[in-house]
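In: Please find the sequence and the predicted model below.
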Amino acid sequence: MIAGPSGSGKSHFTESLAQAAIEKDLWVAWFTLETLAAAIGKSKVDGSTARTVARICRADLIVIDDISLLPVGEGAAEAFYRIIDAAYERRSIVVASNIHPSAQGSPRSCPRLPPGPAPTASWTTLTW
């Protein structure tokens, strides 16, 4: 999870991670939360959601960028949950958010993170 204000280098850092993975012949799936929600939403129309999630989760590295840049609807939250649930402990996942984890009670924050101490980094927090 990488969190910080706009312009702090979150996307640039995740692009570097993705490029390093590609150079090692690994497959990378890159989404913004908005494009992920669109992909999962589109798959619901023809009943291929499980196949779409499985295809995404075949990637060695899954990147979900730009969480909380826009208000999050139910479809985006569901898409995020489906990928995280399917990939958990099976794939590497990078999530980049404009909302600092300490602001998790904010109505714009999605998905909600478990309660815990606020990170100590001043602009970008990286947790492995």
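Out: Right, received. Where do you want to start? Numbers count the residues shown, from 1 in each chain.

In: Low-confidence ranges, the chain, go.
Out: For the chain, the stretches with pLDDT under 70 are 69-70, 99-128.

In: which residue ranges form the strands in it?
Out: Using DSSP state E, the strands of the chain run over 2-3, 28-32, 61-67, 92-97, 125-126.

In: Which residues are in contact with the residue in the chain sticking out farthest from the centre?
Out: Seen from the C-alpha centroid of the chain, the residue lying at the greatest distance (C-alpha atoms, centre = their mean) is D46, 24.3 Å away. Neighbour list for D46: empty [criterion: C-beta atoms under 8 Å, 6 or more residues apart in numbering]. All C-beta atoms are positioned from the backbone trio N, CA, C, and that covers glycine.

In: same deal with A59?
Out: So A59 contacts W27, V28, A29, R91 (C-beta under 8 Å, 6+ apart).

In: Just send the strands of the chain back as JSON lines, with mean neighbour count and distance to E15 too.
Out: Shown next, in JSON lines, are these (neighbours: other C-beta atoms under 10 Å; distance: least, C-beta to C-beta, whole Å):
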{"stretch": "strand 2-3", "mean neighbour count": "24", "distance to E15": "12"}
{"stretch": "strand 28-32", "mean neighbour count": "19", "distance to E15": "8"}
{"stretch": "strand 61-67", "mean neighbour count": "22", "distance to E15": "8"}
{"stretch": "strand 92-97", "mean neighbour count": "21", "distance to E15": "10"}
{"stretch": "strand 125-126", "mean neighbour count": "16", "distance to E15": "14"}
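
In: Would you confirm that A76 contacts L36?
Out: Yes. Using C-beta atoms under 8 Å, A76 is in contact with L36, at 7.3 Å.

In: the more surrounded of those two?
Out: Remark: of A76 and L36, L36 carries more neighbours, 25 against 22, as counted by other C-beta atoms under 10 Å.

In: What sits closest to the more buried one if chain neighbours are left out?
Out: A79 (4.8 Å; C-beta to C-beta, 6 or more residues apart in numbering).
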